[in-house]
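Trainee: sequence and computational prediction follow.
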Amino acid sequence: MTSESRPPESLDAFRSRLRDFLAAGGPGPRPRDPEERFRWTRAWQAALFDHGFAGPGWPRAYGGMDLPFSHQVVYQEELARARVPGPVGTGLGIAAPTIIKFGTDEQKRRWLAPMLRGDTVWAQGYSEPEAGSDLPSLRTTARREGDEYVVNGQKVWTSHAGRADVFFTLVRTGTRASRQRGITYLVVDAHAPGVEVRPLRDMTGGHVFAEVFFDEVRVPVADRVGAENEGWPLVRTSLGHERAAGAMNQAATYRRVLTELERLLRETGALDDEVVRDRIADFEIRVRIMGYNGRRTISDILRHGEPGPSSSVARLHITTFEQDLHEFAVDTLGPAGLLGTGSADAIQRGRWLHGFLRTRASTIGAGTAEIQLNTLAEQVLGLPRDPAMPSA
Ligand SMILES: Cc1cc2nc3c(=O)[nH]c(=O)nc-3n(C[C@H](O)[C@H](O)[C@H](O)COP(=O)(O)OP(=O)(O)OC[C@H]3O[C@@H](n4cnc5c(N)ncnc54)[C@H](O)[C@@H]3O)c2cc1C
């Protein structure tokens, strides 16, 4: 994903062109009804694409903007400032970079632009009941029959599965004992016969993720990315991008959120307490570090095509920050801070409590905090490897 050699538009000109578009053509108020909200989010993704404002780091050939580093930073800052919704599904941040690197030209033409426009929603089917941190132990199988694979097995915690048109999955094509040497990357039509999605309710009351069952699901061999049994390098690329995904956008978003919390605490008088001010100063330092981590992630992707192990630094920093921030907000706001979205007396429609509940899962998804620490220890600090995890 390198930038083109022609001179880029000046940063100021780019910022004001983007800001004008966001002011004039923004998505409008966020609907409360989940169905309406889904359609609204999708329509916004299409509007971004149609106006040439989608895929800041993507090649132009697939509908992206191919922006240089500084413009990508501005892009994320402006989108966070405008409070517009992120993309639907997990395809853009995770599957797309993997397909751009390992897919055939035909696959890129067929899949990338519809994914970027939000016409197809992609969801990640990696984890299984017995395979989370230890993905090489996954058991969903695919057997080859002519020009098709026949897939059987179960995935779990598949975010956005209920909305998905496509699952990007890992399946076992080697023997059961083959671990990471017998894994293949398959793109499965979510509407194919034999696919069943069962929603899972999380502690916020939402149904973002689900269990997905495959019963004799037929998948064309043309929908395999990379070679058979050679899916593991794709997994590594894709996990790196998953950890990096949105690092800069989240940094810009939390910059805004911290300012909003500070304003709220000033209004309630809580900021008169020096202990509260001390905590806010701590969060201020951490949110600035988050911004630098986000910049480093974009810079690594532009220079090496991959975010690399430093994406674990960004991920760990963001996830612990968002947990601490929401816990602090709920503690400081007192009893009213504990009222949920449904209560008329809830502070700011219960956003801080919702954030507190939602972010409990942050240090689990995209690899648990312990796994990120292992990655940092081994790949950044050069400490001895975890003998339980595969090396290639
Ligand atoms: C909000 C959310 C969204 C998710 N979305 C998706 C999705 O879209 N698609 C998808 O495929 N998956 C998704 N997941 C699943 C997620 O990737 C797994 O939950 C995660 O990888 C952990 O796996 P596990 O739940 O099986 O826990 P386990 O791997 O069983 O881990 C249990 C505990 O043991 C620790 N542990 C395990 N191995 C080690 C080790 N080697 N060293 C140190 N500690 C270790 C873990 O840190 C954890 O504390 C999501 C999870 C969450 C919470």
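Mentor: Noted; the coordinates are in hand. Residues are numbered from 1 along each chain as shown.

Trainee: only C-alpha atoms from now on, for both contacts and neighbour counts.
Mentor: Fine.

Trainee: what about residue 106, distance to residue 224?
Mentor: 12 Å (C-alpha to C-alpha, to the nearest Å).

Trainee: what about the two, which has more around it?
Mentor: Neighbours per residue (other C-alpha atoms under 10 Å) separate residue 106 from residue 224, with residue 224 holding more: 22 against 9.

Trainee: can you pull the contacts of that one?
Mentor: Under the criterion of C-alpha atoms under 8 Å, 6 or more residues apart in numbering, the neighbours of residue 224 are 184, 185, 186, 187.

Trainee: just curious, which of the residues you listed is nearest to residue 59?
Mentor: Nearest to residue 59 among those, counting by C-alpha to C-alpha, is residue 187 at 21.4 Å.

Trainee: find the nearest non-adjacent residue to the most far-flung residue of the chain relative to its centre, please.
Mentor: Centroid-distance maximum for the chain: residue 272 at 37.1 Å, with C-alpha atoms, centre = their mean. Leaving aside its sequence neighbours, residue 272 sits nearest to residue 266 (C-alpha to C-alpha, 6 or more residues apart in numbering; 7.5 Å).

Trainee: repeat for residue 141
Mentor: That would be residue 172: by C-alpha to C-alpha, 6+ apart, it lies 4.5 Å from residue 141.

Trainee: hey, what's the one you found bridged with?
Mentor: For residue 172, the beta-bridge partners under DSSP bridges are residue 141, residue 183.

Trainee: and it, how far from the ligand?
Mentor: 15 Å (C-alpha to the nearest ligand atom, to the nearest Å).

Trainee: next: residue 257.
Mentor: Residue 257 is 20 Å from the ligand, by C-alpha to the nearest ligand atom.

Trainee: A helix includes that residue, no?
Mentor: Yes. With DSSP: H, G, I helix; E, B strand; the rest coil as the criterion, residue 257 is assigned to a helix.

Trainee: count of residues packed around it?
Mentor: 16.

Trainee: would you mind naming the helix or strand containing residue 22?
Mentor: For residue 22, the host element (DSSP states H and E) is helix 11-25.

Trainee: hmm, I typed the wrong one, I wanted residue 157.
Mentor: strand 148-159.

Trainee: does that strand reach the ligand?
Mentor: Yes. Strand 148-159 is in contact with the ligand by C-alpha under 6 Å from any ligand atom, via 157, 158, 159.

Trainee: same check, this time on stretch 88-103
Mentor: No. Shown here: stretch 88-103 not in contact with the ligand (C-alpha under 6 Å from any ligand atom), separated by at least 6.8 Å.

Trainee: average pLDDT for that stretch?
Mentor: On average, the pLDDT along stretch 88-103 is 94.

Trainee: convert that stretch to CSV, retaining C-alpha atoms only.
Mentor: Extracted C-alpha coordinates of stretch 88-103, given in CSV (Å, rounded to 0.1, in the frame of the first residue of the first chain):
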residue,chain,number,x,y,z
VAL,A,88,-19.7,-2.5,9.0
GLY,A,89,-18.2,-5.9,9.6
THR,A,90,-14.5,-6.7,10.2
GLY,A,91,-13.5,-7.1,6.5
LEU,A,92,-11.9,-3.8,5.9
GLY,A,93,-9.3,-3.8,8.7
ILE,A,94,-8.5,-7.5,8.6
ALA,A,95,-9.5,-9.4,5.4
ALA,A,96,-8.7,-6.7,2.9
PRO,A,97,-5.0,-6.3,3.7
THR,A,98,-4.7,-10.1,3.6
ILE,A,99,-6.4,-10.3,0.2
ILE,A,100,-4.4,-7.4,-1.2
LYS,A,101,-1.2,-9.2,-0.2
PHE,A,102,-2.1,-12.8,-1.0
GLY,A,103,-5.2,-12.8,-3.3
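
Trainee: ok, and what's touching it?
Mentor: Against stretch 88-103 from outside (C-alpha under 8 Å, 6+ apart): 38, 41-42, 107-108, 112, 115-116, 118, 121-124, 159-160, 163-164, 168, 225-226, 234, 237-239, 241-242, 245-246.

Trainee: go with 7 Å
Mentor: The set of residues external to stretch 88-103 that reach it, using C-alpha atoms under 7 Å, 6 or more residues apart in numbering, is 41-42, 108, 112, 115-116, 118, 121-124, 160, 168, 225-226, 234, 237-238, 241-242, 245.

Trainee: now swap in stretch 201-209 and tell me
Mentor: Contacts of stretch 201-209 (C-alpha under 7 Å, 6+ apart): 157, 158, 159, 160, 161, 199, 200, 354, 357, 358.
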